[in-house]
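**Q** sequence plus predicted model, see below.
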Amino acid sequence: MKYILKKTLMMLITLIVVSMLVFLAFNIIPGDPAARRLGTEATPQQLAALRKEMGLTDPLFVRYIRWATGFIHGDLGQSYSYGSVSKLLIDKIPITISMALMAFLIMVVVSIPLGIFTARHQGSVVDHVLLVVDQVVMAIPPFFSGILLTLIFGLTFRLFVPGSFVSWKTDMRGFISYLIFPAIAVALPKIAMSVKLLRGSVIEEMRKDYTRTAYSRGNTVRGVLYLHVLKNALIPVITFMGMALADMVSGSIVIEQVFSIPGLGRMLLVSINNRDYPVVQAIIMGVAILVMIVNWMVDIIYRIIDPRIESL
């Protein structure tokens, strides 16, 4: 319990620092939201009135406290173009999170068995072939994988219609079906990295003294692998998978553009272009919170797997 409280306190302190940096960054970069909203034909009087209405004339510290207090109470502020930021993001969050979770599930289901398989068949022809494929997949960026998947499965085999996104509110089955291929595009490079990392970790653990002791007690290769080696070999892989989950959310911007998905990524790009800072700040803070929660969960899982780990 003391360990959990310590990690929680560290997460809260980090969140406060991140919130300050995010707010400061979007209030010192060039650009006038009021001028962007009114256009080039606005008079100085109109600009001054709108800046005051938007709260841009208040001191920076006052604006931060007002924004942070509202954020804590679930009020993300008002978009300069769309109204309530909270209502705006309610429809976007499930889309991006669903795609990230699907990609994460695909990564776990594929990479762990494949990593174990390549480790058990180290040096074989199959192992060499898989390593070459692994390197190729790792080198392909998700946006290019997305284009290939769209060309092959969308335009050639017509398993889905590119650009015809289906909302989760109207058709859940169609929503999930459409997100499968974007999720695969996001998951592919992470699968390649996970396989390589798990393969190396398993091989390293298989060479240690405790595995020879386990063999001497009459355990089979499968028994040693799954009862002794895998638990230790998964520790670095869990770290990577935790970071991969957070990266799948933050890295969805390009994939959402490729597959025309109206999620947080597209909204973030539009808001940056429009200097709609309340929306941008809310999205970035949401991603930052997700990253910290994932890291917190990884630390807890570490302690469950190996109670000897005191600090990470």
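**A** Alright, I've got the coordinates.
**Q** tell me how many other residues crowd Gly83.
**A** 10 (other C-beta atoms under 10 Å). For the C-beta atoms, the positions are set from N, CA and C on the backbone; glycine is no exception.
**Q** cool, and the one 4 residues further on?
**A** Per other C-beta under 10 Å, the neighbour tally for Lys87 reads 11.
**Q** contacts only, for Met241.
**A** If a contact means C-beta atoms under 8 Å, 6 or more residues apart in numbering, then Met241 has 104, 107-108, 190, 194 as its contacts.
**Q** now with 7 Å?
**A** 108, 194 (C-beta atoms under 7 Å, 6 or more residues apart in numbering).
**Q** from Gly200, how far out is it?
**A** Separation of Met241 from Gly200 (C-beta to C-beta, to the nearest Å) stands at 15 Å.
**Q** so which elements touch the helix or strand hosting Ile289?
**A** Ile289 is part of helix 277-305, with elements assigned from DSSP states H and E. The contact analysis (3 or more C-beta pairs under 7 Å, 6 or more residues apart in numbering; DSSP states H and E) places helix 277-305 against helix 2-28, strand 78-79, helix 85-90, helix 230-250, helix 264-273.
**Q** quick one: the last one to chain centroid distance?
**A** Right, helix 264-273. Relative to the centre of its chain, helix 264-273 is centred 16 Å away, using C-alpha atoms, centre = their mean, to the nearest Å.
**Q** residue boundaries of the helices in the stretch 1-150 of the chain?
**A** Ranges of helices within the stretch 1-150 of the chain are 2-28, 33-38, 44-54, 60-72, 85-90, 93-120, 125-139, 142-149, based on DSSP state H, counting those that start in this stretch.
**Q** stretch 187-202: which residues count as buried?
**A** By neighbour count with 16 or more other C-beta atoms under 10 Å, stretch 187-202 contains the buried residues 187-202.
**Q** which of those residues fall within helices?
**A** 187-202 (DSSP state H).
**Q** between the helices and strands packed on helix 277-305, which gets nearest to Ile289?
**A** For Ile289, the closest of the helices and strands packed on helix 277-305 is helix 2-28, at 6.7 Å, according to C-beta to C-beta.
**Q** now do the SS call for Ser167.
**A** Following DSSP: H, G, I helix; E, B strand; the rest coil, the label given to Ser167 is coil.
**Q** how about the nearest residue to Leu60, chain neighbours excluded?
**A** Using C-beta to C-beta, 6 or more residues apart in numbering and skipping the chain neighbours, the partner closest in space to Leu60 is Asn27 (6.0 Å).
**Q** the one you found reaches Asp58, doesn't it?
**A** No. Counting by C-beta atoms under 7 Å, Asn27 does not reach Asp58; the two are 10.8 Å apart.
**Q** distance of Leu89 from Leu225?
**A** With distances taken as C-beta to C-beta, Leu89 is found 45 Å from Leu225.
**Q** what's the burial count for the closest residue to His121 other than its chain neighbours?
**A** Nearest non-adjacent residue to His121, counting by C-beta to C-beta, 6+ apart: Asp127, 4.9 Å away. Residues near Asp127, counting by other C-beta under 10 Å, number 16.
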